[in-house]
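J.: Take a look and give me a structure for this.
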Amino acid sequence: MRFLITTAALLILFASNTSQARAGDMGIGIIIGEPTGICAVTKLNDFNSLNAALAWSLAGNGSLHLHIDDVFYRTISQPFRFYYGGGIRLLLVDYNDNNNNHKKDKDAHLGIRFPLGINFPFTPSPFDAFFEVVPILDLLPGSGFDINAAVGVRYYFN
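T.: The predicted structure is shown next:
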């Protein structure tokens, strides 16, 4: 549990780092799909941001999903922007005990994310929307491949 709290705190602090961000460049919102939960963004400049989520993975037995990505934006046609990047994912999986002892085993999966998405800013309002598909290469406890896909909406603070 201590590991979970520490990881969540570090994720939130890292995602909210404003040392390079300008006023109005931090946002928070929801992400729906795989995973589903709370997302955050910190723009580093007009072409780069840190995107993070503290969410619930609905696949399998259900898991706590934490990720942070460094993404780069390219305008494809106004106002749509394509983004791509890389990041990490931590997935904490609960497994139910088959002997009905009400005990749960926990397993942590660490992987590398490769987000690909489309961003739509609702200018001049402080909202944006996004759709992303994210191939994931799991490294721990064993190697494997996974894909996430989600949509989301974020509100930017001034």
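
J.: Mind listing the residues bridging to the residue lying closest to residue 108 once chain neighbours are set aside?
T.: Leaving aside its sequence neighbours, residue 108 sits nearest to residue 92 (CB to CB, 6 or more residues apart in numbering; 5.5 Å). (Each C-beta comes from the backbone N, C-alpha and C, glycine too.) Under DSSP bridges, the beta-bridge partners of residue 92 are residue 64, residue 108.

J.: So that it lines up with my notes, have the first residue be 822 from now on.
T.: With 822 as the first residue, the last one maps to residue 913.

J.: Roughly how far does residue 913 sit from residue 857?
T.: Noted for residue 913: a distance of 15 Å to residue 857, by CB to CB, to the nearest Å.

J.: again with residue 868
T.: Distance from residue 868 to residue 857, by CB to CB: 28 Å.

J.: of those two, who's got more company?
T.: residue 857 (16 against 13; other CB atoms under 10 Å).

J.: so that one bridges to which residues?
T.: residue 877.

J.: One more: residue 941?
T.: Note on residue 941: beta-bridge partners by DSSP bridges are residue 950.

J.: Where does the prediction get shaky in the chain?
T.: 822-845, 881-882, 915-926, 979 (pLDDT under 70).

J.: which residues of it fall in helices?
T.: 823-836 (DSSP state H).

J.: Okay, strands next: where are they in it?
T.: 847-855, 857-866, 869-878, 884-898, 901-917, 925-934, 937-942, 948-961, 965-978 (DSSP state E).

J.: then the fifth one to CSV, C-alphas only?
T.: In CSV, the C-alpha atoms belonging to strand 901-917 read as follows (Å, rounded to 0.1, in the frame of the first residue of the first chain):
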residue,chain,number,x,y,z
PHE,A,901,-7.1,19.1,-35.1
ARG,A,902,-3.6,18.2,-33.8
PHE,A,903,-2.0,14.7,-34.1
TYR,A,904,0.1,13.7,-31.1
TYR,A,905,2.6,10.9,-30.5
GLY,A,906,5.2,10.1,-27.7
GLY,A,907,6.3,7.7,-25.1
GLY,A,908,5.8,7.1,-21.5
ILE,A,909,5.4,4.5,-18.7
ARG,A,910,2.5,2.6,-17.2
LEU,A,911,2.1,0.9,-13.9
LEU,A,912,-0.7,-1.5,-13.6
LEU,A,913,-1.6,-2.9,-10.1
VAL,A,914,-3.7,-6.0,-10.6
ASP,A,915,-5.8,-7.7,-7.8
TYR,A,916,-6.4,-11.5,-8.1
ASN,A,917,-9.1,-13.1,-6.1
